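Participant: I need the structure of the sequence given here:
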Amino acid sequence: MKKIVFAVLSLVFSGTVLAQKSSVWNNKQCAVVLTYDDAIDIDLDNVIPALDSLKLRGTFYIIGSSPVVDKRLNEWRQAAKKGHELGNHALFHPCDASLPGRGWVQPDFDLSKYTVSRAVAEIRMNNTLLKAIDGKDKRTFAYPCGDLKVGGEFFYNQLKNDFVGARGVNASLLTPAETKLDNIDSYYIADQPAGYMIDLVKKAQQTHTLLVFLFHGVGGGHAINEDLSAHSKLLHYLKANEKDIWIAPMVEVAEKIKEYQAKSN
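Facilitator: Numbers count the residues shown, from 1 in each chain. From the prediction side, this is the model:
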């Protein structure tokens with residue numbers, strides 16, 4: 001009898017946990033966020049048309065100084081009107097040149113030579129630019145190169161009130177309770193087959209977790225590239241399973257997680 005009662009209680013508890021997690025994901029099995037870095041032509045030429053054709057929305061992390069922002073400002077504005085998020089990827093994309101493999105970093109934008117106040121000021125300037133484009137006050141941030149610190153200090157600590165959340169580069173699937181909004185995990189995608197990406201989505205569905213994809217070039221346009229066909233297959237899988245998967249910009253997902261965590265604390 002005790003075993004039966006325990007089994008019933010376990011099922012009830014599991015169902016409750018599943019219901020809680022699903023409610024965070026808009027009553028679906030999981031959440032998937034498609035993010036694209038660096039504000040490049042390919043975003044406007046390949047990615048946004050592909051997303052729009054399937055009525056899917058993504059997050060585009062914008063470097064304010066990118067010439068593609070200046071030259072194609074109205075197209076970014078139209079993308080925002082269609083529901084895509086214009087996220088903040090800093091004004092000049094500074095990275096820590098003292099780390100291995102960072103010889104490409106320009107001396108003027110070497111994060112290891114920055115002060116925290118300079119990093120924060122440039123990111124806030126980029127927010128001003130982005131608001132001038134899309135008119136929005138809420139957005140998320142993505143760490144350039146995944147670098148979190150200036151002089152050993154977490155510079156985002158001064159920016160927590162400026163953003164709903166910040167995307168990092170560590171790869172894992174997380175529940176709403178496990179997600180750190182100041183460093184949201186993501187899967188870095190470069191030359192991965194469609195099957196790899198779709199399998200990640202299926203795993204997120206099974207575990208009722210958050211899956212964030214991090215893309216740069218899609219079909220060219222960047223040294224870090226993903227095949228256009230593979231990307232298309234991922235999008236079509238997401239669309240075909242939309243009833244079970246919440247596909248939304250990072251800002252919307254982060255807001256849901258923030259609400260959930262506030263109620264849980």
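
Participant: For Phe141, see how far away the nearest residue to Pro249 once chain neighbours are set aside is.
Facilitator: Spatial nearest neighbour of Pro249, chain neighbours left out: Glu85 (3.6 Å); criterion: CB to CB, 6 or more residues apart in numbering. All C-beta atoms are positioned from the backbone trio N, CA, C, and that covers glycine. Applying CB to CB, to the nearest Å, the value for Glu85 to Phe141 is 11 Å.

Participant: Show me which of these two is the more surrounded one.
Facilitator: A direct count of neighbours by other CB atoms under 10 Å for Glu85 and Phe141 places Glu85 higher, at 29 against 25.

Participant: What's opposite the more buried one in the beta bridge?
Facilitator: Beta-bridge pairing for Glu85 (DSSP bridges): Thr59.

Participant: Would you check that it makes contact with Ala254?
Facilitator: No. Using CB atoms under 8 Å, Glu85 is not in contact with Ala254; the gap is 9.9 Å.

Participant: anything in contact with each of those two?
Facilitator: Thr140 (CB atoms under 8 Å, 6 or more residues apart in numbering).

Participant: and Leu130, how far is that from Pro100?
Facilitator: From Leu130 to Pro100 the distance is 32 Å (CB to CB).

Participant: Pick out whichever of these two has more residues nearby.
Facilitator: Neighbours per residue (other CB under 10 Å) separate Leu130 from Pro100, with Leu130 holding more: 22 against 5.

Participant: Would you mark the buried spots in the helix or strand encompassing the more buried one?
Facilitator: Using DSSP states H and E, Leu130 falls within helix 116-134. Applying a neighbour-count criterion of 16 or more other CB atoms under 10 Å, one finds Val116, Ala119, Val120, Glu122, Ile123, Asn126, Asn127, Leu129, Leu130, Ile133, Asp134 buried in helix 116-134.

Participant: Tell me the helices and strands packed up against it.
Facilitator: In terms of contacts (3 or more CB pairs under 8 Å, 6 or more residues apart in numbering; DSSP states H and E), helix 116-134 is packed against helix 73-81, strand 85-88.

Participant: Okay, angle between it and helix 73-81 too, please.
Facilitator: 80 degrees (axes from the mean of the first three to the mean of the last three CA atoms, to 10 degrees).

Participant: List the contacts of the residue nearest to Pro249.
Facilitator: Counting by CB under 8 Å, 6+ apart, Glu85 has contacts Arg57, Gly58, Thr59, Phe60, Arg139, Thr140, Pro249, Met250, Val251, Glu252.

Participant: Which residues are in contact with the third one?
Facilitator: Each residue near Thr59 by CB under 8 Å, 6+ apart is listed here: Val33, Leu34, Thr35, Tyr36, His84, Glu85, Gly87, Thr140, Pro249, Met250, Val251.

Participant: just how off-centre is the helix holding Leu130 within its chain?
Facilitator: 18 Å (CA atoms, centre = their mean, to the nearest Å).

Participant: From the contacts of Thr59, which land in strands?
Facilitator: Judged by DSSP state E, the contacts of Thr59 include Val33, Leu34, Thr35, Tyr36, Glu85, Gly87 as members of strands.

Participant: so how far is His231 from the nearest residue to the second one once chain neighbours are set aside?
Facilitator: Nearest in space to Leu34, with sequence neighbours left out and distances taken as CB to CB, 6+ apart, is Gly58 at 3.9 Å. Gly58 is 11 Å from His231, where distance means CB to CB.

Participant: Would you mind listing the residues touching both of the two?
Facilitator: Residues touching both Gly58 and His231 (CB under 8 Å, 6+ apart): Val47.

Participant: with the ones in strands among the contacts of Thr59 in mind, which one is nearest to Leu159?
Facilitator: Nearest to Leu159 among the ones in strands among the contacts of Thr59: Gly87, at 12.9 Å, using CB to CB.

Participant: That closest one: neighbouring residues, count only.
Facilitator: For Gly87, the neighbour count with other CB under 10 Å is 28.

Participant: So it sits against Ala142, correct?
Facilitator: Yes. Taking contacts as CB under 8 Å, Gly87 lies within contact range of Ala142: 5.8 Å.
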